[in-house]
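[1] Please work out how this folds:
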Amino acid sequence: MKILVFTQQLVVGGSLVNAIELAAALRDFHGFEILFFATPGPLLKLVEEKGLRFLAAPEPRLVPSFARAQALREAVRREAPDLIHVWDCWQCLDAYYAVHLLMRVPMVVTDMMMSLTRLLPKGLPMTFGTPELVDQALASGRRQVELLLPPVDIHTNAPFAVDERPFRERYGIEQSDITLVTVSRLADQMKGESLFRTLDVVRTLGRHLPLRFVIAGDGSAREKLQVLADNINRELRRPVVVFTGELLDPRPAYAVADIVMGMGGSALRGMAFGKPVVIVGEGGFSSVLTPETAPFHYYRGIYGVGNCNSDNSRLAADIRGLAEHPEERRALGKFSREFVVSHFSLEAVSARFADLCRRAAVEMRPLHLAAADGFRTAALYLKERRFLWRW
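    Okay, the predicted model is just below:
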């Protein structure tokens with residue numbers, strides 16, 4: 001079976017790494033022929049390393065994008081895939097009308113957002129990244145819904161998978177340091193809050209503990225974060241906060257970590273290295289992954305939303321508790337690795353998704369039902385755009 005994977009611009013981010021690794025796993029473990037259709041970006045290097053055949057998409061100026069939809073139609077005519085796998089919701093608008101309706105090519109959509117996107121057509125086979133969102137999707141009237149947990153390559157992301165010494169030497173990280181690591185897009189929304197909160201806690205705890213905070217990534221919030229980090233380093237009179245910039249291979253950063261900070265796929269990859277994790281979400285949320293909190297995070301995601309309290313005492317307590325107790329760090333790191341291997345391994349996740357792809361390729365809805373679904377989505381899209389214009 002030939003699958004065309006359609007995703008966004010290949011910027012560095014955990015969700016896109018998931019898409020690329022899952023595509024390679026479908027080829028390697030299940031014998032599918034894979035085409036990767038996306039706008040070129042830094043992660044094209046990973047696509048090439050995985051040996052995936054790449055088809056370049058134009059960069060969209062608007063969503064939906066006529067130019068991108070036309071390029072997708074041409075690729076489908078030329079390659080004749082059996083199935084389109086749309087990764088993330090916005091590409092769905094291009095693919096649904098240009099290819100699924102007009103060319104009658106089967107589609108599967110993966111939505112890795114942390115909330116339910118009501119805009120998408122209800123009759124398509126869809127996957128969501130948490131059991132909670134699967135339950136919400138079913139309750140909203142969707143019927144072809146599957147769970148697709150964020151896949152983690154547990155072999156390349158594993159204790160001792162990489163040599164950490166060059167990374168330590170480059171950034172001056174001593175064995176005696178208690179090293180906090182986050183690998184993240186430095187975005188103003190969602191990610192930004194957790195980064196600023198963690199920096200605030202590091203400023204306080206760093207007066208009494210030998211903390212180092214390594215931030216691997218880049219983005220729109222970098223300049224503001226850098227200003228705060230420079231102030232912290234001057235105040236504590238040592239390079240507490242270190243920026244590495246964007247890393248196409250962040251594994252050395254995970255390898256040096258004593259504690260991983262973050263959310264989503266980035267946190268999962270750190271856990272695969274056998275590291276304890278502090279999950280820092282939005283609205284003041286903070287939680288250490290433990291045997292007690294694991295069921296919550298399996299169901300709702302490696303993420304959370306707090307009560308919007310500006311007090312960082314919970315986050316400070318989580319970091320301090322791990323920083324001051326190395327034996328607890330070792331125990332929770334071992335549990336983190338087991339948790340990822342049990343639920344998120346690339347082999348297990350890809351096997352479940354491969355079954356969905358085989359079903360979706362032969363189960364097409366009648367055209368009149370697909371068209372009605374498309375009218376519903378178009379009406380919702382126009383309504384929400386009017387709301388944005390009023391703002």
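
[2] all strands for the protein, in order.
    Along the chain, the stretches classed as strands by DSSP state E are 2-6, 33-38, 53-56, 83-87, 107-111, 126-128, 145-147, 178-183, 211-216, 241-245, 259-262, 277-280, 286-288.

[3] Adding mean neighbour count, write these out as JSON lines.
    Where C-beta positions appear, they are placed from N, C-alpha and C, glycine not excepted. What follows is these, written out as JSON lines (neighbours: other C-beta atoms under 10 Å):
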{"stretch": "strand 2-6", "mean neighbour count": "24"}
{"stretch": "strand 33-38", "mean neighbour count": "22"}
{"stretch": "strand 53-56", "mean neighbour count": "15"}
{"stretch": "strand 83-87", "mean neighbour count": "27"}
{"stretch": "strand 107-111", "mean neighbour count": "24"}
{"stretch": "strand 126-128", "mean neighbour count": "26"}
{"stretch": "strand 145-147", "mean neighbour count": "17"}
{"stretch": "strand 178-183", "mean neighbour count": "25"}
{"stretch": "strand 211-216", "mean neighbour count": "24"}
{"stretch": "strand 241-245", "mean neighbour count": "18"}
{"stretch": "strand 259-262", "mean neighbour count": "27"}
{"stretch": "strand 277-280", "mean neighbour count": "26"}
{"stretch": "strand 286-288", "mean neighbour count": "20"}
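
[4] Report the angle between the longest helix along the chain and strand 107-111.
    Longest helix in the chain, counting residues (DSSP state H): helix 367-390. For helix 367-390 and strand 107-111, the angle between their directions (axes from the mean of the first three to the mean of the last three C-alpha atoms, to 10 degrees) works out to 30 degrees.

[5] can you pull the buried residues of helix 367-390?
    By neighbour count, and taking 16 or more other C-beta atoms under 10 Å as the criterion, the buried residues in helix 367-390 are 370, 373-374, 377-378.

[6] in the stretch 151-300 of the chain, which segments are predicted with low confidence?
    By pLDDT under 70, the stretch 151-300 of the chain contains no weakly predicted segment.

[7] For it, which segments count as helices?
    Using DSSP state H, counting those that start in this stretch, the helices of the stretch 151-300 of the chain run over residues 165-171, 191-205, 222-236, 251-256, 264-272, 294-300.

[8] Quick one, which of these gets closest to residue 320.
    Shortest separation from residue 320 across these is recorded for helix 191-205, at 5.9 Å, computed as C-beta to C-beta.

[9] what's that closest one packed up against?
    Judged by 3 or more C-beta pairs under 8 Å, 6 or more residues apart in numbering; DSSP states H and E, helix 191-205 is in contact with strand 178-183, strand 211-216, helix 222-236, strand 259-262, strand 277-280, helix 313-323.

[10] hmm, back to that, need the strands of the chain in a markdown table with distance to residue 13, can you?
    Listed next are the strands of the chain as a markdown table, based on distance: least, C-beta to C-beta, whole Å:
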| stretch | distance to residue 13 |
| --- | --- |
| strand 2-6 | 16 |
| strand 33-38 | 12 |
| strand 53-56 | 17 |
| strand 83-87 | 11 |
| strand 107-111 | 14 |
| strand 126-128 | 18 |
| strand 145-147 | 21 |
| strand 178-183 | 10 |
| strand 211-216 | 12 |
| strand 241-245 | 15 |
| strand 259-262 | 12 |
| strand 277-280 | 17 |
| strand 286-288 | 22 |
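
[11] Nearest to residue 356, out of the ones you listed?
    strand 145-147 (5.2 Å).

[12] that older thread, output the helices and strands packed on helix 191-205 as a markdown table; include the columns distance to residue 270.
    Putting those into a markdown table (distance: least, C-beta to C-beta, whole Å) gives the following:
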| stretch | distance to residue 270 |
| --- | --- |
| strand 178-183 | 7 |
| strand 211-216 | 11 |
| helix 222-236 | 19 |
| strand 259-262 | 3 |
| strand 277-280 | 6 |
| helix 313-323 | 13 |
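
[13] and of these, who's closest to residue 301?
    Set against residue 301 and scored by C-beta to C-beta, the helices and strands packed on helix 191-205 come closest in strand 277-280, at 9.1 Å.

[14] Alpha carbons of the closest one, in CSV - could you do that?
    C-alpha atoms of strand 277-280 as CSV (Å, rounded to 0.1, in the frame of the first residue of the first chain):
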residue,chain,number,x,y,z
VAL,A,277,10.3,14.6,34.4
VAL,A,278,8.5,17.6,35.7
ILE,A,279,5.6,18.3,33.4
VAL,A,280,5.1,22.0,33.2
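
[15] Return the list of helices and strands in contact with that strand.
    For strand 277-280, where contacts count as 3+ C-beta pairs under 8 Å, 6+ apart, the packed elements are helix 191-205, strand 259-262, helix 264-272, strand 286-288, helix 313-323.

[16] repeat that for 10 Å
    Counting contacts by 3 or more C-beta pairs under 10 Å, 6 or more residues apart in numbering; DSSP states H and E, the secondary-structure elements packed against strand 277-280 are strand 178-183, helix 191-205, strand 259-262, helix 264-272, strand 286-288, helix 294-300, helix 313-323, helix 326-343.

[17] can I get the ones you listed in CSV with distance to residue 171?
    Conversion of those to CSV gives the following (distance: least, C-beta to C-beta, whole Å):
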stretch, distance to residue 171
strand 178-183, 10
helix 191-205, 15
strand 259-262, 16
helix 264-272, 17
strand 286-288, 25
helix 294-300, 30
helix 313-323, 19
helix 326-343, 20
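
[18] out of those, which comes closest to residue 22?
    Proximity to residue 22, assessed across these by C-beta to C-beta, is greatest for helix 264-272 (11.2 Å).

[19] nearest to residue 17, of the strands of the chain?
    Across the strands of the chain, residue 17 has its closest neighbour in strand 178-183 (10.2 Å, C-beta to C-beta).

[20] send the alpha carbons of that closest one over as PDB?
    Once non-C-alpha atoms are left out, strand 178-183 reads as follows in PDB (Å, rounded to 0.1, in the frame of the first residue of the first chain):
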ATOM      1  CA  ILE A 178      22.000  19.400  38.900                       C
ATOM      2  CA  THR A 179      21.100  19.900  35.300                       C
ATOM      3  CA  LEU A 180      17.500  20.700  34.200                       C
ATOM      4  CA  VAL A 181      16.900  20.300  30.500                       C
ATOM      5  CA  THR A 182      14.000  21.400  28.300                       C
ATOM      6  CA  VAL A 183      13.800  20.800  24.500                       C
END
